[in-house]
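Novice: Structure for this input, please:
(chains A and B)
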Amino acid sequence: MAKMKKYILISCIILLFSSSGLSQNRDFVPLFNGRDLTNWVLAAPEGFEVILGEMITRSYGPGTDIFTAKSYGNFILRLEFLLSEVGNSGVFIWRNPAIQSNGFEVQLLAPWTPWRPDLYCTGSLYGHVAVSNRPDETPGIWYSMEITCDRELVTVSVNGEITTIADIDTVETLAGKPFTGLIGLQGNHGAKGQYAKFRNIYIRDLDAEPDYVLKGFHDKNDQRRKLARIAAVNLGAEMIQPLAGLLSSENTAARSSARQALFDIVARASDPENPENSRAKVRSAMNKSIQVSSTETTVNYLEWLSGLIAE
Amino acid sequence: MKSAEKISRRKFIRNSGMGLLGFPLLYNATWNVAPSDRIRVAHVGLGGMGNQHIRWFSGFTDVETVALCDVDQSRLAAAAKNLSGFKPGSKVDTYEDFRYIIDRKDIDAITCATPDHWHALIAIMAFGSGKDVYGEKPLSLFVEEGYKMRNLREYNGSVFQLGTQIHAGENYHRVAEIIQSGILGKIHTVRLWKTGGSPGLGFPLNETPPVTLDWDMWLGPAPWSEYTPVRCHRTYRHFFDYSGGVFADFWCHIADIMFMSVHPEGLSTIEARGEVPDDGIADTPKWIDVDFKFKNLNVYWTTNPPAVPGADKMHIGAHFEGENGTITCDYTTKTIKIGNEVTADIPEVPKTISRSPGHQRNFLDAVKTRNLPESHLDYAQEMTLPMHLALISFRLKRRLKWDSQNRQFWDDPAANFLLTRNYRTPWTLPSV
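Specialist: Numbers count the residues shown, from 1 in each chain, chains lettered A, B, ... in the order given. Coordinates of the predicted model:
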């Protein structure tokens, strides 16, 4: 019963999220340009090719996967896929090709004989989390898929219907694994002649959104808080005032992570290799933060830190 | 003493916040070694190492332990009790403020085992009052403090010994002899390591300091902070406001054998990599690797042992690579490899370096003879410098170029900014 309640709660949260504009392609950027494999790295030269706006598996067997050039932690990924008869592919999340046990695969599978259980069907986090609402698996037609990695919450939907909701913190087989890594598409994992096709691959990188990143400083998980810190440092000047606000937080973890993030932002801006206008932006945000800070400890820290980029 | 010097010294004393008892603190150039040849010693900072100091120094017949000081009354009382255990019948004065000790004319030498952020200021004030100092490592918290210490020690003629007691051991002397004999050829690479790093220390809430602790005085020149126990006794080392983590703690011990044997010069570039802990409020390295380029010498510091035979069994160590062979050592062992031959010693290499009577004895002898002790200040400062520069590179996450002549980084104002920090009011770093 308690589990059911949690489900309903999570579903409501997702609905809220969706109604606030996530269903549109606003804030989404293409991961696949439809012409070539820019943004992607082939694990094997023959793994995938691009034909008429589609990425198609070319070879078969393990090791023919393709990965994004960049790592992603929190994001919403949208794509369309089509499988041949008995086709077997998947979408890799938080993957590190050098550490095979990192991350997981959202399975893409045409019906097999024998019948594959819900832990290994389309939409499952393969071998880790079964689907709760099994999608249609008819081969030869296009499906849309959305994968949301929102801190510990991973949600998969197919053709707009949620198939899988996973609280990663409760998945024992994923305990201690990183919450970031490459996104990948599995090469044809079936036999010769079978294939998978992908098109319209879009991503909304939540770690590039200041409000989302700021909330990450309150995350109870050390690794996710660290990712928020790294994301904040990448965002730079625009995070300074919100982070300075956290310096007087009652939450010790948020406070100390913010302190470190501020140091790292200013330190990066202070690099003589970086242009003076990036330093000027940081300097201006620091000055504003000093003016609005109420505690002496915060003001002292910010004033000292400003010394790194003094004119 | 010339009057100009007198004025400048008086000015120096005023600037450094001394004269606590209200009388002028002028000393003539004669040193206060008692006629009986006994050295009157006071100990400042009475944690684990401070109590070692009490034990070590009270064990010498020519030492009279006259005063103890700690900002925590409970530590002060415990240390006084320890002293009476080591040396029954000792009569000792106890202070919570070290300036009472600075002001006493009848004290010849102090030892200092406070947290790092106090090291330089206490030593400098002791020099100013004509005292000698046995100071714990690391030498200081900031690069500029080290240079100031050197200037003021030279001006006052004090004896200073850094508390790197492993320096005095047989092993380091023998390793230095073997390297200096030239049998390994010219040393071109040194690998130093210490396993482990700063723990995060969790996310404790701030508390009211215990009534026995003068937290404001504990912080002293460091930035004001609310109190939480992990920032203070025993674990302060894992905060940049007070120290530099495990790396800063152990650098002096193991870099010591490198400076003792090959004394690298002409440091030009420093590039550190590493991470801070994620599981707590500590901000010093969880791990740190550093590449240093000295004149004709590459030095690598790693948190994991390097891939050289035997290193994986040593939690701390130094590995020297010469044209003809290598030597790997820690505090008490050494392994020499020339060609395919592996030995623990090379008897043909003569004993060329005179042995130490012990690190504390060596200091006490220097107090009497006024000679330089084995880990004297100039040596200690040169040895400590690369550690401080590496931590600046770690914090800024970039390769830095050091200008040895001008004692600053090339083309990096932020890195130079981190060479020092203004002390919290009312403390100031005096200058001559």
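Novice: ok, now which ones touch the closest residue to chain B within chain A?
Specialist: Using CB to the nearest CB, the closest approach of chain A to chain B is made by A:Ser270 at 3.4 Å. The way it works is simple: take the backbone N, C-alpha and C, and place the C-beta from them, glycine included. By CB atoms under 8 Å, 6 or more residues apart in numbering or on different chains, the contact set of A:Ser270 is A:Arg279, A:Leu308, A:Ile309, B:Leu396, B:Asp412, B:Pro413, B:Ala414.
Novice: Out of those residues, the closest to B:Ile101 would be?
Specialist: A:Leu308 (36.5 Å; CB to CB).
Novice: what about that closest one, which SS state?
Specialist: helix (DSSP: H, G, I helix; E, B strand; the rest coil).
Novice: export the helix or strand harbouring A:Thr155 as PDB, just CAs?
Specialist: Using DSSP states H and E, A:Thr155 maps to strand A:153-158. What follows is strand A:153-158, C-alpha atoms only, in PDB (Å, rounded to 0.1, in the frame of the first residue of the first chain):
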ATOM      1  CA  LEU A 153      14.600   9.000 -10.100                       C
ATOM      2  CA  VAL A 154      14.800   7.300 -13.500                       C
ATOM      3  CA  THR A 155      11.600   7.200 -15.600                       C
ATOM      4  CA  VAL A 156      11.200   5.600 -18.900                       C
ATOM      5  CA  SER A 157       8.200   6.000 -21.200                       C
ATOM      6  CA  VAL A 158       7.300   4.600 -24.600                       C
END
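Novice: Tell me the helices and strands packed up against it.
Specialist: strand A:143-150, strand A:161-167 (3 or more CB pairs under 8 Å, 6 or more residues apart in numbering or on different chains; DSSP states H and E).
Novice: what residues go with each domain of chain A?
Specialist: Using automatic domain parsing, the domain ranges for chain A come out as A:2-206, A:209-309.
Novice: is it possible to export the ones you listed to TSV including mean pLDDT?
Specialist: Output for these, formatted as TSV (pLDDT from 0 to 100):
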stretch	mean pLDDT
domain A:2-206	89
domain A:209-309	97
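Novice: three-state assignment of the closest residue to B:Arg237 other than its chain neighbours?
Specialist: Sequence neighbours aside, B:Ser243 is the residue nearest to B:Arg237 in space, at 4.3 Å (criterion: CB to CB, 6 or more residues apart in numbering or on different chains). When classified by three-state DSSP, B:Ser243 comes out as coil.
Novice: any low-confidence regions in chain B?
Specialist: B:1-36, B:432 (pLDDT under 70).
Novice: Point to the residue nearest the middle of it.
Specialist: B:Lys137 (1.9 Å; CA atoms, centre = their mean).
Novice: which SS class is that one?
Specialist: coil.
Novice: and it, how far is that from B:Arg237?
Specialist: 12 Å (CB to CB, to the nearest Å).
Novice: any common contacting residues for the two?
Specialist: Joint contacts of B:Lys137 and B:Arg237 (CB under 8 Å, 6+ apart) are B:Asp249.
Novice: Chain A contacts on chain B?
Specialist: B:200, B:203-205, B:223-226, B:276, B:278-281, B:283, B:395-398, B:411-414, B:417-418, B:421 (CB under 8 Å from any CB of the partner chain).
Novice: Try it again at 7 Å.
Specialist: B:203-205, B:223-225, B:276, B:278-279, B:281, B:283, B:395-398, B:411-412, B:414, B:417 (CB under 7 Å from any CB of the partner chain).
Novice: Strands of the stretch 301-432 of chain B, start to end?
Specialist: B:316-322, B:325-329, B:334-338, B:341-343, B:400-403, B:408-409 (DSSP state E, counting those that start in this stretch).
Novice: ugh, wrong one, the stretch 1-150 of chain A
Specialist: So, for the stretch 1-150 of chain A - with DSSP E, counting those that start in this stretch - the strands run A:29-30, A:40-42, A:48-51, A:54-57, A:66-72, A:75-83, A:88-95, A:104-109, A:143-150.
Novice: contacting residues for the residue nearest to B:Arg237?
Specialist: B:Pro115, B:Asp116, B:Leu141, B:Tyr236, B:Arg237 (CB atoms under 7 Å, 6 or more residues apart in numbering or on different chains).
Novice: hmm, who's touching the strand holding A:Thr155?
Specialist: A:10, A:14, A:106, A:122-123, A:125, A:135, A:143, A:145-148, A:162-168.
Novice: Please indicate which of those are buried?
Specialist: Burial by neighbour count, 16 or more other CB atoms under 10 Å in any protein chain shown: within the contacts of strand A:153-158 this picks out A:14, A:106, A:122-123, A:125, A:135, A:143, A:145-148, A:162-166, A:168.
Novice: How about the residues of the stretch 201-311 of chain A by chain B?
Specialist: A:222-223, A:225-226, A:252-253, A:256, A:260, A:267, A:270-272, A:297, A:300, A:307-309.
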